[in-house]
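**Student:** The following block contains a protein sequence and its predicted model.
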Amino acid sequence: MRVLPLASTLRAVGFKADQAALVLADSQVVVPIVAVHGAQVPWGKVVADGVPVVPAQRRPSMLAAPGGAGARAGRRLADQARVRFHAAA
């Protein structure tokens, strides 16, 4: 099993979040998150270079809309993403 250094992962996640923010109209909702499967995350969450690193089971709570905007904002954002992003071929 090959393990990538965390620094390169954080850079890649940050870059992808920046690219998504450019494409989506409401860039406030684009935040990089690294979800870890099969390993412990100290204290349940670590922030490295501004990127939260969390256990995978915590990811759903991290994806809540900021300010409690709720499901409507989530659907609007998902609709924007479907229109503006293209599936990988």
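**Tutor:** Yep, that arrived.
**Student:** alpha carbons only for contacts and neighbour counts from here, please
**Tutor:** Will do.
**Student:** who's in contact with stretch 40-48?
**Tutor:** By CA atoms under 8 Å, 6 or more residues apart in numbering, the residues outside stretch 40-48 that reach it are 10, 52-55.
**Student:** Of those residues, which is the nearest to Arg84?
**Tutor:** Set against Arg84, the nearest of the contacts of stretch 40-48 by CA to CA is Leu10 (24.1 Å).
**Student:** OK, contacts around the nearest residue to the closest one once chain neighbours are set aside?
**Tutor:** Ranked by CA to CA, 6 or more residues apart in numbering and with sequence neighbours excluded, the top spatial neighbour of Leu10 is Val51, at 6.8 Å. By CA under 8 Å, 6+ apart, the contact list for Val51 reads 10, 14, 31-34.
**Student:** Recalculate using a threshold of 10 Å.
**Tutor:** 10-11, 13-14, 31-34 (CA atoms under 10 Å, 6 or more residues apart in numbering).
**Student:** for Pro52, same thing?
**Tutor:** Taking CA under 10 Å, 6+ apart, we find Pro52 in contact with 10, 31-35, 45-46, 62.
**Student:** wait, which of the residues you listed is closest to Leu22?
**Tutor:** Val31 (12.3 Å).
**Student:** correct me, but the closest one touches Ala17?
**Tutor:** Yes: under the criterion of CA atoms under 10 Å, Val31 is in contact with Ala17, at a separation of 6.1 Å.
**Student:** what's Gly14 in contact with, if anything?
**Tutor:** Gly14 makes contact with 8, 20, 30-34, 49-51, according to CA under 10 Å, 6+ apart.
**Student:** my read is it is in a strand, agree?
**Tutor:** No: judged by DSSP: H, G, I helix; E, B strand; the rest coil, Gly14 forms no part of a strand; its state is helix.
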